[in-house]
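>>> attaching a predicted model along with its sequence, questions to come.
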2 protein chains.
Amino acid sequence: MDRRRRDTSSFLPLRPVEFHVLLSLAAGERHGYGIIQDAEARGDTSPLDVGTLYRALRRMREQGLIAEAAAPSSESSTDERRNYYRLTALGLEVGRAEARRLESLTRAARAGGLLKGVA
Amino acid sequence: MDRRRRDTSSFLPLRPVEFHVLLSLAAGERHGYGIIQDAEARGDTSPLDVGTLYRALRRMREQGLIAEAAAPSSESSTDERRNYYRLTALGLEVGRAEARRLESLTRAARAGGLLKGVA
DNA sequence: GTGCATATATGCGTAACGCATGTATCGGGC
DNA sequence: GCCCGATACATGCGTTACGCATATATGCAC
């Protein structure tokens, strides 16, 4: 256990692309293009540039947030081009920390009157 | 009405600093250093570099998200160095849009199991 | 086997960052 | 009056990541 030798909070704040990747992978293993389709399906703001995504995937792999995974058996296709990824323990931890940060910001926005609802 | 001739969503996603500025100014007029102190008070992750902040303030003023304001009368000090800012209508609109984006992301994180609570 | 969707990768110019440093004023202590 | 730390804002510098375009190759359907 050494790959994860950095403080979780040192990764925060995550860039939008990075959080999307963690969120997408939290639902199960995905390959890059699949992550893009996830984003489109959710109707995310700013449709996620492919160059940005693939570079982010490499970076996150090097940082140990995600790791390569074998093609899931549920997958009928045996497309050799695909690179599958999964969350690492560190990636999950960082994703959770970022989610908490976003939640806290959302609360602050509500308290500050930027969001409808109870102050 | 021309200064605000850009689509609100074209500003999103905001950078962390920018959202913090809008959030801080939503509570009332502030000067740069005061915004920094706001961040420290809230215990924000990554303590907000001053260079980043002052550059962001200039950028946001040029984009019409914020505007210069006179020193509030509630202020006892007449410190000439201070630059006060206030939200513009556009800034408020963009801040709200970003807040909605963050809320939506938070919901997605909860649904994806990254946050405690109901799925 | 032709052709469009899928899939990943990278070159290029630019924008913003983090860190350090510079400069100046304010306000309290003595 | 003078000193000094806190306050306040600005900018130079090297680096990182971005957005856009382009490159390349395979999968699959017909």
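Yep, that arrived. Residues are numbered from 1 along each chain as shown, chains lettered A, B, ... in the order given.

>>> from here on, contacts and neighbour counts on C-alpha atoms
OK.

>>> please look at residue A:93 and residue A:11 and confirm they touch.
No - using CA atoms under 8 Å as the test, residue A:93 is too far from residue A:11 to be in contact (10.5 Å).

>>> what touches both of those two?
Counting by CA atoms under 8 Å, 6 or more residues apart in numbering or on different chains, residue A:93 and residue A:11 have no common neighbour.

>>> so who does residue A:24 touch?
A:30, A:35, A:38.

>>> I'd like to know how far the first one sits from DNA strand C.
Residue A:30 sits 8 Å away from DNA strand C when distances are taken as CA to the nearest atom of the strand, to the nearest Å.

>>> strands along chain A, start to end?
Counting by DSSP state E, chain A has strands at residues A:30-31, A:66-69, A:84-87.

>>> so of the ones you listed, which one's packed in deepest?
Stretch with highest mean neighbour count among the strands of chain A: strand A:84-87 (a mean of 22; mean count of other CA atoms under 10 Å in any protein chain shown).

>>> report the rounded mean pLDDT for that strand.
Averaging pLDDT along strand A:84-87 yields 97.

>>> columns pLDDT and distance to DNA strand D on top of the contacts of residue A:24, output as JSON lines?
Listed next are these as JSON lines, based on pLDDT from 0 to 100; distance: CA to the nearest atom of the strand, whole Å:
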{"residue": "A:30", "pLDDT": "94", "distance to DNA strand D": "16"}
{"residue": "A:35", "pLDDT": "94", "distance to DNA strand D": "15"}
{"residue": "A:38", "pLDDT": "90", "distance to DNA strand D": "16"}
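
>>> output the lowest mean pLDDT helix or strand found in chain A.
The helix or strand of chain A with the poorest confidence is helix A:32-42; it has a mean of 90 (mean pLDDT, DSSP states H and E).

>>> tell me the helices and strands packed up against that helix.
helix A:16-26, helix A:50-63 (3 or more CA pairs under 8 Å, 6 or more residues apart in numbering or on different chains; DSSP states H and E).

>>> winner for burial among the ones you listed?
Of all the helices and strands packed on helix A:32-42, as judged by average neighbours under mean count of other CA under 10 Å, the leader is helix A:16-26 with a mean of 21.

>>> what about the longest helix in chain A?
helix A:89-111 (DSSP state H).

>>> just checking, what packs against it?
helix A:16-26, helix B:89-111.

>>> just the buried residues of the longest one, please?
Using 16 or more other CA atoms under 10 Å in any protein chain shown as the burial criterion, the residues of helix B:89-111 that qualify are B:90-111.

>>> for the closest residue in space to residue A:96 that isn't next to it in sequence, grab the count of nearby residues.
Nearest residue to residue A:96 in three dimensions, chain neighbours excluded: residue B:114, at 5.0 Å (CA to CA, 6 or more residues apart in numbering or on different chains). By the other CA atoms under 10 Å in any protein chain shown criterion, the neighbourhood of residue B:114 contains 25 residues.

>>> roughly how far apart are residue B:114 and residue B:106?
9 Å (CA to CA, to the nearest Å).

>>> again, but for residue A:64
Residue A:64 is 24 Å from residue B:106, by CA to CA.
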